[in-house]
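>>> Sequence first, then the predicted structure, then my questions.
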Amino acid sequence: MERSLGEIAESLDLTLIGDPEIRITGLASLPDALPGQLSFLFNTAYRKQLLETGASAVVLKEEDAAVAPCAVLISPQPRLTWAKIAGLFDPVPMPERVIHEDATVADQVKIGADVSIGPRAVVEKGAVIEQDCIIGAGCYVGQNVHIGKGSRLYANVSIHHDVVIGQRAIIHSGAVLGADGFGFEFDGSRGVLEKIPQIYAVVLGDDVEIGAGTTIDRGALNHTSLGNGVKLDNQVQVGHGTRIGDHTVISGCTAIAGSTKIGSYCLIGGAVGIIDNLEIADQVEITAMTLVSHSITEKGRYSSGTGLLPSRIWKRSIVGFSKLDEILKRLRRLETRD
Amino acid sequence: MERSLGEIAESLDLTLIGDPEIRITGLASLPDALPGQLSFLFNTAYRKQLLETGASAVVLKEEDAAVAPCAVLISPQPRLTWAKIAGLFDPVPMPERVIHEDATVADQVKIGADVSIGPRAVVEKGAVIEQDCIIGAGCYVGQNVHIGKGSRLYANVSIHHDVVIGQRAIIHSGAVLGADGFGFEFDGSRGVLEKIPQIYAVVLGDDVEIGAGTTIDRGALNHTSLGNGVKLDNQVQVGHGTRIGDHTVISGCTAIAGSTKIGSYCLIGGAVGIIDNLEIADQVEITAMTLVSHSITEKGRYSSGTGLLPSRIWKRSIVGFSKLDEILKRLRRLETRD
Amino acid sequence: MERSLGEIAESLDLTLIGDPEIRITGLASLPDALPGQLSFLFNTAYRKQLLETGASAVVLKEEDAAVAPCAVLISPQPRLTWAKIAGLFDPVPMPERVIHEDATVADQVKIGADVSIGPRAVVEKGAVIEQDCIIGAGCYVGQNVHIGKGSRLYANVSIHHDVVIGQRAIIHSGAVLGADGFGFEFDGSRGVLEKIPQIYAVVLGDDVEIGAGTTIDRGALNHTSLGNGVKLDNQVQVGHGTRIGDHTVISGCTAIAGSTKIGSYCLIGGAVGIIDNLEIADQVEITAMTLVSHSITEKGRYSSGTGLLPSRIWKRSIVGFSKLDEILKRLRRLETRD
């Protein structure tokens, strides 16, 4: 995985200022980079890091080129260039396109060309795995699951019956798609909770990525669905019947309850909570650890919570918080005193 | 899985107004339902949806029957009826009651009648699996684990040594019962954390459901325990030694620290945090994303956090939050000014 | 696993007041303990529990010895003594040091002496597993993974390619190390998110413990790293490129975004959120469910959020919260009125 700077410039159609023979062995951030490595200046504000970098070459915008202490590759969008260059140095293993002898594949399964099924994976009857898919070691693919072409499941993923996955999905270890939604009805006469069977499934569009340990429940009255290009980070929870629009991005540990409808091109921060039966418009941004307790009808940025404080100040503020209603009344009284 | 409306009415003892020969092929919500599907009106407030539904029949309360544009099944409790009808249309696969040839079952294991053990499951010595249990593909059942009759573990569940599971449990993929509780003691003389062995186990009552990716740790000085009928959603964390009373329901991503005692018939929202060594009374309701930082001795509804705001307003409010102690002092000064 | 009190006293060099022949069969908390069990008084404030305990013996500090109703073992640090005694009563199974016949181990793997590899585990080529390691059932050990000596992976752990684990690690079920970090760059010309390959790995120091369901992502421009003695509880999320210093302890369900640097000897509570690209000093303590939204340069204790309130009071407070900027303005107006 070593390439010349000239090769990289040519393959991505970038202007190179410097010696095309320089050997690049990997990527690193500006402060960490060593000779032989390529780095990136994403933002002019970090020019100081550029001046001190040990990198052999840096990808940057034209306006930063003059100050670089090394070879440069000029890109109008260094982050997008990064996404493309990193693929040249990615050591992710590509398994052989075979069904491993230690996999358990039922009869009545349709498997396309050039599919890899890893050791200890289990594929149940009726499943369809289209061409070029990679099913990792220890994965469970339930009855009648449909996985679109070019998708990859890493080790120990669980996909339950009737779930539909589009093309080019990437699903990370420990993810669970199609477990039962959380639905019970209290039967007062017996004092117990009656389970509501979750008879629908989960349907994913194309180009979806699902993080490690993320869970997406099957629906009770409609499929839980994710549009094209949706990206979920690790340990996200998506409740039953929830629908997420195209190209929405959701960071780690966010919990979304059931029957909520989230728009397209939303950016939802980490550890956010979204309650059930809401509607969230397109292009809504939610900052980290916000509780979304009502629908959002207009695009924009939304937040909840308090700022970070030293605990001794915070303790006094939470006393004040509990008295806010009283504070408003006392203010009104003062304002009308004379 | 097609049934006539007459059959459904009879099996659940409901009054039918309409043609008993109508074929029902599935369930859907009022706005989504198509001809051939059965739907539900849970709340008179949604009568407008009833008027526009494409469903062939709707389950509803007597007082809503007159306005229905289709056949109706009358139920005093439509949600409870839903729970029962959905079972008739549930495609969840029922595996053969055999030990799969690709399972690894140790000697000295007791397995009851009509048990199914899936491919790639591992059952360690001393385990007892009572009759009618289903152990999914890739599950791990540790030494001396006891699983009560009629329980079902979906794929890739991990149950560690000495854990006891009652009857009719449902445990979803990725759940981990009986990993070590999180206990360390700082050894100042060496500057390191000494691990406290977690020598107790986890004990579950009957009719417990555990969501995907949920973790319940084993105890250090007593068993971590869940009463009968407890339902935990996905990605819930239960710390070591915590005890949860009968029929308590806990939504997704809630984190409960160790040695806390939660009452019966509590309703705990999603993404709630509950610190260690608390006591929470029976019938306590906690709203989503609340931090429970002290014991709750009276039933009722409790909350923490702030409301959702556009970020530009929120930023000003958190400045005010940090000054709440000062605000109270300034108010007092004004009030006593003359 | 029965021992005499005399044996216990001797093995830990504790002063015994009472009959050394007393048989101890297990440990329990003061209120739960029965005859035959040993208990602990960690804090003089709980002396009342000591007076009423059914334990046959109690570990306590010298100053509490006189009031004990039973035999005592005197320790200057009862919690540290507990950590050591509990090991004597720990029933955790120790598997045979063999490669199970149902494991799938690739060629070109280096396995040290006295290693146990459980049934259904998968070890890919290039992996190095040093002596005395235990790899649980169903684990996945990816290409070129290095696991230091004496480490234990419980069942169904996933470790991806090139991850490095130090000596004496304990990794609980469902943990995922080395899944892709969450990195995308929006390609405006096509309206889609371009994936940024995550080409670095995860590197763990010695004596690290990782909880069940915890996920640690691989880095994009540097390794994600945990220092020596770091302890992560269950369902923690560590983003790509984040670095955690030695002996830092992080409680359950905490979400840490990418490229953040956390110091040594920090204590981070449960369900905390930490955003990306921050620096947190050594010895910082963060209370449960705090959002860390900016860097912390000084050691100390930090918090965010509001206190727990009955929901009817809380609803009024959140109205006040949204008006805090206005409250400050009204106060100022009053103060300057005359």
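Received, thanks.
>>> any idea what sits nearest A:G36, other than its immediate chain neighbours?
On the basis of CB to CB, 6 or more residues apart in numbering or on different chains, the spatially nearest residue to A:G36 that is not a chain neighbour turns out to be A:T25, at 4.5 Å. In short, each C-beta sits where N, CA and C put it, glycine included.
>>> do A:R97 as well
Sequence neighbours aside, A:D114 is the residue nearest to A:R97 in space, at 4.4 Å (criterion: CB to CB, 6+ apart).
>>> Correct me if wrong: the one you found contacts A:Q131.
Yes - counting by CB atoms under 8 Å, a contact exists between A:D114 and A:Q131, whose distance comes to 5.6 Å.
>>> one step back: burial of the residue nearest to A:R97, as a residue count?
With neighbours defined by other CB atoms under 10 Å in any protein chain shown, the count for A:D114 comes to 13.
>>> ditto for A:R190
Counted with other CB under 10 Å, residues neighbouring A:R190 total 8.
>>> Next one, pLDDT for the residue in the stretch 201-338 of chain A that chain B sits nearest to please.
Chain B sits closest to A:G320 of the stretch 201-338 of chain A, with a gap of 2.5 Å, by CB to the nearest CB. Model confidence at A:G320, expressed as pLDDT, equals 94.
>>> which residues touch the closest residue to chain C within the stretch 201-338 of chain A?
In the stretch 201-338 of chain A, the residue that lies nearest chain C is A:L324 (2.5 Å; CB to the nearest CB). Taking CB atoms under 8 Å, 6 or more residues apart in numbering or on different chains, we find A:L324 in contact with B:L324, C:R316, C:S317, C:V319, C:G320, C:F321, C:L324.
>>> Would you mind listing which of these are buried?
B:L324, C:R316, C:S317, C:G320, C:F321, C:L324 (16 or more other CB atoms under 10 Å in any protein chain shown).
>>> can you list these in JSON lines and add secondary structure?
Converted to JSON lines, the buried ones among the contacts of A:L324 look like this (DSSP: H, G, I helix; E, B strand; the rest coil):
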{"residue": "B:L324", "secondary structure": "helix"}
{"residue": "C:R316", "secondary structure": "helix"}
{"residue": "C:S317", "secondary structure": "helix"}
{"residue": "C:G320", "secondary structure": "helix"}
{"residue": "C:F321", "secondary structure": "helix"}
{"residue": "C:L324", "secondary structure": "helix"}
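>>> Among those residues, which one sits closest to A:V163?
Nearest to A:V163 among the buried ones among the contacts of A:L324 is C:F321, at 41.4 Å by CB to CB.
>>> mind checking how far the residue nearest to the closest one when sequence neighbours are not counted is from C:G6?
Taking CB to CB, 6+ apart as the measure, C:F321 lies nearest to B:T306, with 4.8 Å between them; neighbours along the chain are not counted. With distances taken as CB to CB, to the nearest Å, B:T306 is found 58 Å from C:G6.
>>> With neighbour numbers in mind, choose between the two.
For the pair B:T306 and C:G6, the greater number of neighbours falls to B:T306 (26 against 14), based on other CB under 10 Å.
>>> ok, the residue of the stretch 201-338 of chain A closest to chain B touching B:G320?
No - if you go by CB under 8 Å, A:G320 and B:G320 don't touch, sitting 9.2 Å apart.
>>> what's the overlap in contacts for these two?
Any residue near both A:G320 and B:G320 by CB under 8 Å, 6+ apart counts here, and that gives B:I327.
>>> Helix or strand for the residue nearest to C:F321, just tell me which one.
Of the helices and strands defined by DSSP states H and E, none includes B:T306.
>>> and it, backbone torsions?
The main-chain torsion angles of B:T306 are listed as degrees, to the nearest 10 and equal phi -120, psi 160.
>>> before we move on, back to that, dump the residue contacts of the residue of the stretch 201-338 of chain A closest to chain B.
The contact partners of A:G320, taken as CB under 8 Å, 6+ apart, are A:I327, B:F321, B:L324, B:D325, B:I327, B:L328.
>>> Identify the residue spatially nearest to it, adjacent ones excluded.
B:L324 (2.5 Å).
>>> Now for the nearest residue to A:T242 once chain neighbours are set aside, how many residues are close by?
Sequence neighbours aside, A:T260 is the residue nearest to A:T242 in space, at 4.8 Å (criterion: CB to CB, 6+ apart). A:T260 sits with 21 neighbouring residues when counted by other CB under 10 Å.
>>> Please apply the same query to A:P95.
A:P95 sits with 17 neighbouring residues when counted by other CB under 10 Å.
>>> What of the one 4 residues further on?
Taking other CB under 10 Å as the criterion, the count of residues near A:I99 is 19.
>>> Specify the beta-bridge partners of the residue nearest to it when sequence neighbours are not counted.
For A:I99, ignoring the flanking residues on the chain, the nearest one in space by CB to CB, 6+ apart is A:I117 at 4.4 Å. In this structure, A:I117 has beta-bridge partners A:I99, A:I135, where bridges are defined by DSSP bridges.
>>> mind listing what A:I117 touches?
A:V98, A:I99, A:H100, A:A103, A:V105, A:I111, A:V123, A:I129, A:I135.
>>> When you filter the residues you listed down to buried only, what's left?
Neighbour counting by 16+ other CB under 10 Å classes A:I99, A:H100, A:A103, A:V105, A:I111, A:V123, A:I129, A:I135 among the contacts of A:I117 as buried.
>>> thought A:G229 was touching C:K195?
No - no contact is recorded between A:G229 and C:K195 when judged using CB under 8 Å, the distance being 10.6 Å.
>>> more crowded one of the two?
Comparing A:G229 with C:K195 by neighbour count (other CB under 10 Å), the higher total belongs to A:G229, at 24 against 18.
>>> ok, that one - contacts?
Taking CB under 8 Å, 6+ apart as the definition of contact, the neighbours of A:G229 are A:G205, A:D206, A:D207, A:V208, A:D246, A:H247, C:V192, C:L193.
>>> and if we set it to 10 Å?
Contacts were defined as CB atoms under 10 Å, 6 or more residues apart in numbering or on different chains; by that measure A:G229 touches A:166, A:168, A:205-209, A:245-249, A:264-265, C:184, C:190-193.
>>> Tell me if I am right that A:I8 is in a strand.
No - assessed by three-state DSSP, A:I8 does not belong to a strand; its assignment is helix.
>>> so who does A:K261 touch?
So, once contact is read as CB under 10 Å, 6+ apart, A:K261 ends up touching A:S225, A:G241, A:T242, A:R243, A:I244, A:G245, A:N277, A:L278, A:E279, A:I280, A:A281, A:S295.
>>> Buried only: go through those residues for me.
A:S225, A:G241, A:T242, A:R243, A:I244, A:G245, A:L278, A:I280, A:A281.
>>> of all those residues, which two lie farthest apart?
The largest separation in the buried ones among the contacts of A:K261, counting by CB to CB, is between A:G241 and A:A281 at 18.9 Å.
>>> right, and A:A288 touches A:S303 too?
Yes - with contact taken as CB atoms under 10 Å, A:A288 and A:S303 are classed as touching, separated by 8.7 Å.
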